[in-house]
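1. Quick one, fold the following:
(one chain, ligands or ions: 1)
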Amino acid sequence: MEATNFKPGLEGIPAAKSEICYVDGEQGILQYRGIPIEALAEHSSFLETTYLLIWGDLPNQKELADFEYQIYHHRRVKSKIRDMMKWFPEAGHPMDALQAAAASLGLFHSRRVLDDPEYIRKAVVRLIAKIPTMVAAFKLMRKGNDPITPRDDLNYAANFLYMLTEQEPDPLAARVFDVCLILHAEHGMNASTFSSRVTASTLTDPYSVIASAVGTLAGPLHGGASEEVVDMLEKIGSCDNVEPYIEHRIANGEKIMGFGHRVYRVKDPRATILQNLADQLFNKFGADPVYDIALEVERVTTEKLGNKGIYPNVEFYSGMVFRQLGIPRDMFSTIFAIARVAGWLAHWKEQLAVNRIYRPKQVYTGGHHDPYLPLDQR
Ligand code: COA
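-> As a prediction, this is how the structure comes out:
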């Protein structure tokens, strides 16, 4: 490859053919398997959407009931994994804890039969079922408490909030959380999905695929923005401070957190849905103290940067929603991970069906035939 063809970050280079997700950044369109995200957010559940993403079609009633049953009855995590997690450092980041816990599943399920549909189905069930249990367990264990056992009578979203907050959630909170998971479940060839496909292409086990994707998502350029949005809104402190704050950042070439996107040139359709969910939550439970500031930040930033195609992205309202649901700030990215496991597994399965190991080229820029200097001469 000539150096002139090189694109840092592979920007704009197709890395796979995929039927999973369609994004039109100019018009603000997002579809999973051809279905608009707005319809899924209104009518679907996270587990139904997961089924759609991974198996390609919406399940019928029996298929969905079977899938839900399987998931609900695989939510427990082995005591050896819980024991291992007890020894994780309390100050460790929840994403690092999740990555290690997810990878450990491969130790317990080391059989690897990637051409067996039953093996694939079981791995999907295990990962979708157990990842939320691991996330909630770490939240309690890092404070020295025992994790809460999943409840078979609660649906996926309600059970997670119950395990995390130790209280059965209000039905609206559970529904809003379920929709958040739908919105974060898939988004085409982003960094963590690319990572999952590269790992999958070596024909390793699915637990390694998910662990490598979690590690990629953990970086601040990918999964960490919702945390930083809430920090920013708190720092601004009042609506009167918004305009000078935004002007100062723009003048200094600094980014406004929760704004801008590599693909979208209009408001991210997921941000519009999340804002609506935030409204519903705040109407019922009282507004987040920084919500008015957020609305003012959107108004001012859109006025100043809208002409450059910079609008709120999915992370702008998600932090406020997560906080209202009782999710600690350093766990926001783990929620993203719980949801995105669905997309990563869909790409794992798609990659296996057409697999060729990823092996791109590099543009070598080092020297040639340099002399080897013996150690005592250096
Ligand atoms: N605030 C202010 N200006 C922004 C901006 C933001 N959030 N995002 C992009 N811009 C501006 C850049 O300063 C640059 O302006 P210039 O051409 O005058 O130099 C231009 O828009 C292009 O920015 P660039 O960083 O090259 O865009 P990108 O496509 O590489 O970046 C993001 C996309 C998401 C990384 C970027 O918008 C960002 O860092 N946003 C804040 C973090 C965030 O919310 N991340 C979550 C993404 S879902």
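2. remind me which residues of the stretch 51-200 of the chain are low pLDDT?
-> Under the criterion pLDDT under 70, no range of the stretch 51-200 of the chain is flagged.
3. Buried ones in the one helix or strand Ala213 maps to, by neighbour count?
-> Of the helices and strands defined by DSSP states H and E, Ala213 is found in helix 206-217. Neighbour-count burial for helix 206-217, counted by 16 or more other C-beta atoms under 10 Å, picks out Pro206, Tyr207, Ser208, Val209, Ile210, Ala211, Ser212, Ala213, Val214, Gly215, Thr216, Leu217. (Glycine included, C-beta is placed from N, CA and C.)
4. Among those residues, which one lies nearest to the ligand?
-> Within the buried residues of helix 206-217, distances to the ligand taken as C-beta to the nearest ligand atom reach their minimum at Leu217, with 11.5 Å.
5. Surely the closest one touches Ala337?
-> Yes. Judged on C-beta atoms under 8 Å, Leu217 makes contact with Ala337 at a distance of 5.7 Å.
6. wait, what's in contact with the residue in the stretch 151-300 of the chain that the ligand sits nearest to?
-> For the stretch 151-300 of the chain, the residue positioned closest to the ligand under C-beta to the nearest ligand atom is Gly260, at a distance of 2.3 Å. The contact partners of Gly260, by C-beta atoms under 8 Å, 6 or more residues apart in numbering, come to Leu305, Ile310, Tyr311, Asn313.
7. Tell me the spacing between the residue nearest to the second one when sequence neighbours are not counted and Glu48.
-> Computed as C-beta to C-beta, 6 or more residues apart in numbering, the closest residue to Ile310 that is not its neighbour in sequence is Gly260, at 4.6 Å. Using C-beta to C-beta, to the nearest Å, Gly260 is found at 31 Å from Glu48.
8. Name all residues that make contact with Leu47.
-> Here Leu47 is in contact with Leu64, Phe67, Glu68, Ile71, Ile128, Tyr156 (criterion: C-beta under 8 Å, 6+ apart).
9. Which of the three states applies to it?
-> Put simply, Leu47 is helix when judged by DSSP: H, G, I helix; E, B strand; the rest coil.
10. Now do it against the ligand, distance only.
-> Leu47 sits 24 Å away from the ligand when distances are taken as C-beta to the nearest ligand atom, to the nearest Å.
11. any idea of the pLDDT on that residue?
-> With respect to pLDDT, Leu47 has a value of 98.
12. same deal with Glu2?
-> The confidence metric pLDDT takes the value 60 at Glu2.
13. swap in Gly224?
-> Looking at Gly224, its pLDDT stands at 82.
14. Quick one: neighbours of it, just the number.
-> The tally of other residues near Gly224 (other C-beta atoms under 10 Å) stands at 19.
15. My guess is it contacts Ser333. True?
-> Yes. Contact between Gly224 and Ser333 holds when scored by C-beta under 8 Å: they sit 5.7 Å apart.
16. Any part of the one helix or strand Leu172 maps to near the ligand?
-> When secondary structure is defined by DSSP H and E, Leu172 falls within helix 171-184. No. Under the criterion of C-beta under 6 Å from any ligand atom, helix 171-184 makes no contact with the ligand; the nearest approach is 10.2 Å.
17. Touching that helix from outside, list them.
-> 37, 40-41, 44-46, 49, 155-158, 160-161, 169, 270, 273-274, 277, 280-281, 284-285, 314, 318, 321-322, 324-325, 335-336, 338-340.
18. So which of those residues are in helices?
-> Residues from the contacts of helix 171-184 lying in helices, with DSSP state H as the criterion: 37, 40-41, 46, 49, 156-158, 160-161, 270, 273-274, 277, 280-281, 284-285, 318, 321-322, 324, 335-336, 338-340.
19. Give me the buried entries from these.
-> 37, 40-41, 46, 49, 156-158, 160-161, 270, 273-274, 277, 281, 318, 321-322, 324, 335-336, 338-340.
20. that older thread, joint contacts of Leu217 and Ala337?
-> The contact sets of Leu217 and Ala337 overlap at Met95, Gly223 (C-beta under 8 Å, 6+ apart).
21. and the closest residue to Met163 other than its chain neighbours, how many neighbours does it have?
-> Nearest non-adjacent residue to Met163, counting by C-beta to C-beta, 6+ apart: Ala136, 3.6 Å away. Around Ala136 there are 26 other residues, counting by other C-beta under 10 Å.
22. Kindly report the same for Pro8.
-> Neighbour count for Pro8, taken as other C-beta under 10 Å: 5.
23. so how far is the ligand from it?
-> Taking C-beta to the nearest ligand atom as the measure, Pro8 and the ligand are separated by 10 Å.
24. which of the residues in stretch 96-115 are buried?
-> Neighbour counts over stretch 96-115 (16+ other C-beta under 10 Å) mark Ala97, Leu98, Gln99, Ala100, Ala101, Ala102, Ala103, Ser104, Leu105, Gly106, Leu114 as buried.
25. Contacts for it, please.
-> With contacts defined as C-beta under 8 Å, 6+ apart, stretch 96-115 is touched by 77-78, 80-81, 84-85, 88, 119-120, 123, 126-127, 130-131, 134-135, 138, 142, 203-205, 207-208, 210-211, 214-215, 218, 334, 337, 352.
26. Close to the ligand: what parts of the chain are there?
-> Counting by C-beta under 6 Å from any ligand atom, the residues of the chain lying close to the ligand are 225, 255-262, 305, 308, 310, 313-315.
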